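# kindly generate the corresponding structure for this input.
(chains A and B)
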Amino acid sequence: MSVDIIKISPGFEEIMPEDYRDLVNNGSYGKGFSVSELGTFKELIEEHPLCAGCGLALSLRFILASLPDPEDTVIVGTTGCNSLAEAQVAIHNIHSIFGNQNAVATGLKRALEIRFPGRTKDVVVMAGDGGVGDIGLGTTMHSWLRGEKFTTIMFDNEAYANTGGQESGMSCEGTVLNMAPTGKKFPKIPLPEIARDAGCVYTAVVTPSNPKRLGKMVRQAILIARELGPSYIQIYCPCPTNYKFKPSESIKRAKEKEKDGSYPVREYFSPKAKEFVERLEKRVNETG
Amino acid sequence: MYFAAEVEQEKCKGCKLCIFSCPEPNAIIFKPAKKKVSIDPKRCKACGLCLEACKFLAVTITQVK
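Sure thing, here's the model as predicted:
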């Protein structure tokens, strides 16, 4: 997409909403901003209906700020808390039927390659733990097994938070939630390891407690997916509403989970992906 | 009437830690000229994450009328 397409036709400036004018003048399209510059430009997401202190909203802000080419990116989402926020994002996005997101993204990526042969179009799936880990596990795993070249990002809040707090496959064993009063009976699905074994060339597990680390991982995952194959990022998103802690403790909770080993931050590279990232880093260091 | 966070301009050092802890987009704006941040009370949900993140105790949560 040309960046000119978002510009306002002359004469219509006054009647456009203030937020839109702000996005055109101070937005991040084509400017290559990163996470560390947050607060100095108009973000690609507007006011969202997610709860106060939501870890998912925090992660989404960081992801959108670290996309390599936001104007050439298409987001595919599915039902869940994230779909409420994705409607407020100033990037092309698709809301697919629950669990279908990776099948939709597969078709989209292939169609975009035919339609725009000379351009790189990034397809990024952003879905919750219910969409990726439970209901959409079939389409997700098959897209990895086929080696489709797009990134899957999972917002792991360890529950079906949008529907009142049912346990999901990604909830930890013994978790008691509003609609799981006796506690969960089986352990958390080891999806990062499943992703690695199913053919993801790059897999990362991270929390939003360190924005720069998260931003780097998102950028790596998208650049690797362009060249080599599927990549997967799992982000822990603390949910104050369903896990019953104060909204102000979201980041503290993420840090605690990282420290006590219940949510270790880790990355898996395939040998080709490792080589690719080293080559990129070398090039960046040489050019400064 | 609702609650929103507020930054005391004298105490703010412009470290931007609050911006990196806020789940609300465009709520905390960094002003490069002054090297300080300001919070838009209309976008704030008063979750208190910036209050926890601020090392200089510059953030308070107040009632907005």
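# could you find the closest non-adjacent residue to residue 23?
This is for chain A. A:K42 (5.2 Å; CB to CB, 6 or more residues apart in numbering or on different chains). For every residue, glycine as well, the C-beta is placed using N, CA and C.
# correction: the question concerned chain B.
Using CB to CB, 6+ apart, the closest residue to B:P23 is A:A57 (3.7 Å).
# so that neighbour sits against A:L50, correct?
Yes. Between A:A57 and A:L50 there is a contact at 4.5 Å, judged by CB atoms under 8 Å.
# who's more crowded, those two?
Higher neighbour count among A:A57 and A:L50: A:A57, with 28 against 25, using other CB atoms under 10 Å in any protein chain shown.
# what's the helix or strand for the more buried one?
Per DSSP states H and E, A:A57 falls inside helix A:55-65.
# gap between the residue lying closest to B:L17 once chain neighbours are set aside and A:K257?
Of all residues not flanking B:L17 in the chain, B:A53 sits nearest, at 4.6 Å (CB to CB, 6+ apart). Here B:A53 is placed at a distance of 18 Å from A:K257 (CB to CB, to the nearest Å).
# do the same with A:P247
A:P247 sits 17 Å away from A:K257, going by CB to CB.
# in chain B, what residue lies closest to chain A?
The nearest approach of chain B to chain A comes at B:G48, 3.2 Å away (CB to the nearest CB).
# using the three-state scheme, assign the closest residue to that residue other than its chain neighbours.
The shortest distance from B:G48 to any non-neighbouring residue, by CB to CB, 6+ apart, is to A:S248 (3.2 Å). Judged by DSSP: H, G, I helix; E, B strand; the rest coil, the three-state class of A:S248 is helix.
# verify the stated contact: A:S248 with B:E52.
Yes. Judged on CB under 8 Å, A:S248 makes contact with B:E52 at a distance of 5.1 Å.
# near chain B, which residues of chain A? Just list them.
A:35, A:38-40, A:42-43, A:45-48, A:50-58, A:61, A:211, A:240, A:246-252 (CB under 8 Å from any CB of the partner chain).
# from the residues you listed, list just the buried residues.
Among the residues of chain A next to chain B, those classed as buried by 16 or more other CB atoms under 10 Å in any protein chain shown are A:35, A:38-39, A:42-43, A:45-46, A:48, A:50-58, A:61, A:211, A:240, A:247-252.
# how about the helices in the stretch 1-150 of chain A?
A:18-26, A:55-65, A:81-86, A:101-115, A:129, A:137-146 (DSSP state H, counting those that start in this stretch).
# in terms of mean pLDDT, which of those helices ranks lowest?
Of all the helices of the stretch 1-150 of chain A, mean pLDDT reaches its minimum on helix A:18-26 (a mean of 88).
# can you get me a residue count around A:F150?
Neighbour number of A:F150 under other CB under 10 Å is 25.
# quick check, it in contact with A:A225.
Yes. Here A:F150 reaches A:A225: they are 5.5 Å apart, a contact under CB under 8 Å.
# find residues that contact each of those two.
Residues touching both A:F150 and A:A225 (CB atoms under 8 Å, 6 or more residues apart in numbering or on different chains): A:D122.
# what does chain B put close to chain A?
So chain B meets chain A at B:16, B:19-26, B:28-30, B:32, B:37, B:43, B:45-49, B:51-53 (CB under 8 Å from any CB).
# which among those count as buried?
Here, 16+ other CB under 10 Å leaves B:16, B:19-26, B:28-30, B:37, B:43, B:45-49, B:51-53 buried among these.
# pretty sure A:E71 sits against A:V3.
Yes. Assessed by CB under 8 Å, A:E71 is found in contact with A:V3 at 5.7 Å.
# which one of those two has more residues nearby?
Remark: of A:E71 and A:V3, A:E71 carries more neighbours, 17 against 14, as counted by other CB under 10 Å.
# any idea how far A:K31 is from the more buried one?
10 Å.
# kindly report the same for B:C12.
Taking CB to CB, one finds B:C12 at 26 Å from A:K31.
# looking at the two, which is more packed in?
Set B:C12 next to A:K31 and count neighbours by other CB under 10 Å: B:C12 wins out with 19 against 11.
# list the contacts of the more buried one.
For B:C12, counting by CB under 8 Å, 6+ apart, the contacting residues are B:36-37, B:56, B:58.
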